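Asks: I'd like to go over a predicted model; first the sequence, then the structure.
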Amino acid sequence: MADCTIKVNENGPYVISGSFSLLDKDGNQFELEKEIIALCRCGQSSNKPFCDGTHKSCGFIGPSEAQALNPEL
């Protein structure tokens with residue numbers, strides 16, 4: 001079993017749980033008080049990179065089903 005799980009919520013955030021570190025662009029670690037966080041996927045959160053629920057009012061629609069990874073990526 002993985003130490004970290006990332007769940008893609010339907011038309012919502014990525015929910016990350018377990019043992020993980022979240023780093024900014026410079027490699028500085030966010031001080032997290034929880035073992036479960038939600039990361040914005042719609043791009044509209046006022047608390048990026050964390051989800052603030054804005055996806056519900058901005059009409060965000062995003063895929064949430066598992067698909068095969070494109071080997072060219």
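Replies: Happy to help now that I have it.

Asks: shaky segments in this structure?
Replies: For the chain, applying pLDDT under 70 flags the ranges 1-2, 73.

Asks: helices of that one, start to end?
Replies: 55-58 (DSSP state H).

Asks: do me a favour and get the end-to-end distance for stretch 63-71?
Replies: Chord length of stretch 63-71, first to last residue, is 19 Å (Cα to Cα, to the nearest Å).

Asks: typo on my end, it should be stretch 9-16
Replies: One end of stretch 9-16 sits 11 Å from the other (Cα to Cα).

Asks: quick check on residue 67: phi, psi?
Replies: Backbone torsions for residue 67, taken as degrees, to the nearest 10, come to phi -130, psi 160.

Asks: count residues in the vicinity of it, would you?
Replies: Counted with other Cβ atoms under 10 Å, the neighbours of residue 67 add up to 6. C-betas here are computed from N, CA, C, even on glycine.

Asks: ok, residue 8 touching residue 14?
Replies: Yes: using Cβ atoms under 8 Å, residue 8 is in contact with residue 14, at 6.0 Å.

Asks: overlap in contacts of those two?
Replies: residue 41 (Cβ atoms under 8 Å, 6 or more residues apart in numbering).

Asks: residue 41: what's it in contact with?
Replies: Contacts of residue 41 (Cβ under 8 Å, 6+ apart): 8, 12, 13, 14, 51, 55, 60, 62.
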